[in-house]
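here's my sequence, what's the structure:
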Amino acid sequence: MSGFERVLLGRRPGVVGPLGQCLTAQDLPRPDLNRWGPRRKAEVVVAIRGGLISLDEAVDRYRLSMEEVANWLNLFDRHGLKGLRVTHLKTYRAAAS
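Next up is the predicted model:
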């Protein structure tokens, strides 16, 4: 059992994912990802919001900055899955100001 799996013991077994599917700890993106698409970002956001993983655990697991994950949370809350697309980042950030 990995350290990440041990941390998840006693947590919620799953949450509703960004596409309506059941999202469990095993469904979360791999920690060694090189490309973050909007769906994968949204899965992490939903997992954090649903209590499947904490913000600190997500930052450590995926080697991201706290600011980057906080930005994902904000963009997802304001614009949904579309807000996490890199191609429209300027549009959504400008709208958030």
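
list the helices and strands the longest helix along the chain packs on?
Longest helix of the chain, by residue count under DSSP state H: helix 66-79. In this structure, helix 66-79 packs against helix 38-49, helix 55-62, helix 89-96, with contacts taken as 3 or more Cβ pairs under 8 Å, 6 or more residues apart in numbering; DSSP states H and E. In this view, the C-beta of every residue, glycine as well, is placed from N, C-alpha and C.

what about that helix, average pLDDT?
The average pLDDT within helix 66-79 is 93.

and that helix with helix 55-62, angle?
If you take axes from the mean of the first three to the mean of the last three Cα atoms, to 10 degrees, helix 66-79 sits at 110 degrees to helix 55-62.

buried ones in helix 66-79?
Using 16 or more other Cβ atoms under 10 Å as the test for burial, helix 66-79 gives 69, 71-73, 75-76, 79.

closest one to A42 out of the residues you listed, please.
F76 (6.0 Å; Cβ to Cβ).

that closest one contacts L84, correct?
Yes: between F76 and L84 there is a contact under Cβ atoms under 8 Å: 6.0 Å.

got any residues that touch both of the two?
Residues touching both F76 and L84 (Cβ atoms under 8 Å, 6 or more residues apart in numbering): 41-42, 45.

what's the neighbour count on D56?
11 (other Cβ atoms under 10 Å).

tell me the one among the shared contacts of F76 and L84 nearest to C22.
Using Cβ to Cβ, the shared contacts of F76 and L84 come closest to C22 at A42, 14.6 Å.

how about M66: what's its closest non-neighbour residue?
V59 (5.6 Å; Cβ to Cβ, 6 or more residues apart in numbering).

contact partners for the one you found?
V59 makes contact with 65-66, 69, according to Cβ under 8 Å, 6+ apart.
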